[in-house]
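Participant: Sequence and predicted model, in that order:
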Amino acid sequence: MDEERELDGEDGYVPRQRAWVRPVAWVAVAALVLGGAFSSALTLLAGGGGRPQAPDAALVSAVTEERGVGSARIALPLAPSDANALRVTFTCRSAGDFSWGIEQYGNPSASCSAGDAGSTAVTDFLLPDVPTLYVTAEDGAEWSVSAVYVALATAT
């Protein structure tokens, strides 16, 4: 039986360690981290209030770009006559809670962690009555947005 033991140190015996514990722990930690990042990305992309980006759209105006910190109200140019929607690309640049859209309340929203910085969501809105885009964010939360009027293809 002594032949099966490993000898080491003063007492000459090193107990056998469970080799599977450390790899299983690493897999569990990696799954938690990736799961959290994935759910944060889904939250950002799911949004609400607007419609997800339509696949067939023609740009019919110049792009309005804005970058800010905290909440803001962005004046947009008037919509061209051939536009039937406003396409907004929102990017969180830091951790925080955000919402964006053409209404003062009830717009799509997202929570971004520090690891989500740079995540974007694209949403199409019906043409606004007043050409204004609202961004609501925590103090110190950084974001950027681009808005362009589009002509969405209609189903026949």
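Facilitator: Looks like it came in fine.
Participant: Which residue ranges of this structure form helices?
Facilitator: Counting by DSSP state H, the chain has these helices, from start to end: 21-46.
Participant: max-length strand in it?
Facilitator: In the chain, assigned by DSSP state E, the strand with the most residues is strand 142-152.
Participant: tell me the mean pLDDT over that one?
Facilitator: On average, the pLDDT along strand 142-152 is 95.
Participant: try stretch 102-121
Facilitator: Regarding stretch 102-121, the rounded mean pLDDT is 93.
Participant: What's the end-to-end length of that stretch?
Facilitator: One end of stretch 102-121 to the other measures 15 Å (C-alpha to C-alpha, to the nearest Å).
Participant: ditto for stretch 78-88
Facilitator: Length of stretch 78-88, first residue to last, C-alpha to C-alpha: 15 Å.
Participant: start the count at 833, not 1, going forward
Facilitator: In the new numbering, first residue 833, that becomes stretch 910-920.
Participant: Tell me the buried residues in that stretch?
Facilitator: Going by neighbour count (16 or more other C-beta atoms under 10 Å), the buried part of stretch 910-920 is 911, 915-920. Any C-beta I mention is one placed from the backbone N, CA and C, and that applies to glycine too.
Participant: would JSON lines of the residues you listed with distance to residue 894 and pLDDT be doable?
Facilitator: Converted to JSON lines, those look like this (distance: C-beta to C-beta, whole Å; pLDDT from 0 to 100):
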{"residue": "911", "distance to residue 894": "12", "pLDDT": "94"}
{"residue": "915", "distance to residue 894": "12", "pLDDT": "94"}
{"residue": "916", "distance to residue 894": "17", "pLDDT": "93"}
{"residue": "917", "distance to residue 894": "16", "pLDDT": "94"}
{"residue": "918", "distance to residue 894": "13", "pLDDT": "95"}
{"residue": "919", "distance to residue 894": "13", "pLDDT": "96"}
{"residue": "920", "distance to residue 894": "14", "pLDDT": "96"}
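Participant: dump the residue contacts of the closest residue to residue 889 other than its chain neighbours.
Facilitator: Leaving out its chain neighbours, the residue that sits closest to residue 889 by C-beta to C-beta, 6 or more residues apart in numbering is residue 982, at 4.1 Å. Residues counted as contacts of residue 982 (C-beta atoms under 8 Å, 6 or more residues apart in numbering) are 889-892, 915-919, 956.
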